[in-house]
Structure formats: C-alpha cells, structure tokens
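**Q** Fold the following, please.
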Amino acid sequence: MQRGSYLNDEAAFDADATNAMGRAFEEACSALQIPFLDISGRSAIATRIIDLARTGVIDAEAIRDRVLEEARQSA
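**A** Okay, the predicted model is just below:
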C-alpha cells in the first residue's frame with residue numbers, strides 16, 4: 001500500500017503510527033487473502049485501520065487482530 005493514499009487532509013499520524021498501520025494493512029490483507037487488485041476490499045481494510053488508529057489503536061498487531069476478528073464475525 002502506498003502510505004497516505006487512503007488518508008485525507010484531516011488525518012494526522014506520526015511515522016510510528018503510519019508504519020504500524022501499513023504493517024497491519026499488509027498483514028490483514030494477506031491473512032484475508034485479499035488480492036492486490038481488489039481495490040474495494042483493500043480500501044475497506046484501509047478505512048477500518050484508519051478508523052481504529054483515529055481512536056488511538058496504533059499497535060500493528062492489535063490493529064491487525066481487530067480487523068481479522070471483525071472479518072471473522074461478519075462472515
């Protein structure tokens with residue numbers, strides 16, 4: 001994921017948070033087997049990660065695990 005491509009001008013994250021978000025994104029997409037070209041699927045994951053980060057969750061593992069748990073619950 002190109003960092004920042006899903007962020008709007010209102011979002012402000014430091015480098016550590018951005019790196020954690022990027023790692024969580026890649027790991028979640030991999031675990032959920034969302035292909036690189038599935039733009040809508042990857043966008044949904046990115047949006048959820050940004051939402052979680054805005055609430056203060058910036059640990060990559062915590063974000064990834066939360067996204068994966070939510071995906072399991074909705075399946």
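**Q** pLDDT score for the residue nearest to the spatial centre of the chain?
**A** With distances taken as Cα atoms, centre = their mean, Ile49 lies nearest the centre of the chain, 3.3 Å away. At Ile49, the model reports a pLDDT of 96.
**Q** element containing it, please.
**A** helix 39-54 (DSSP states H and E).
**Q** So which elements touch that helix?
**A** helix 15-31, helix 60-74 (3 or more Cβ pairs under 8 Å, 6 or more residues apart in numbering; DSSP states H and E). C-betas here are computed from N, CA, C, even on glycine.
**Q** Kindly calculate the angle that it makes with helix 60-74.
**A** Counting by axes from the mean of the first three to the mean of the last three Cα atoms, to 10 degrees, helix 39-54 lies at 120 degrees to helix 60-74.
**Q** Okay, buried residues for helix 39-54 please.
**A** Arg42, Ile45, Ala46, Arg48, Ile49, Ile50, Leu52, Ala53 (16 or more other Cβ atoms under 10 Å).
**Q** Roughly how far does Gly22 sit from Gln73?
**A** Counting by Cβ to Cβ, to the nearest Å, the separation of Gly22 from Gln73 is 24 Å.
**Q** Understood, closing this out.
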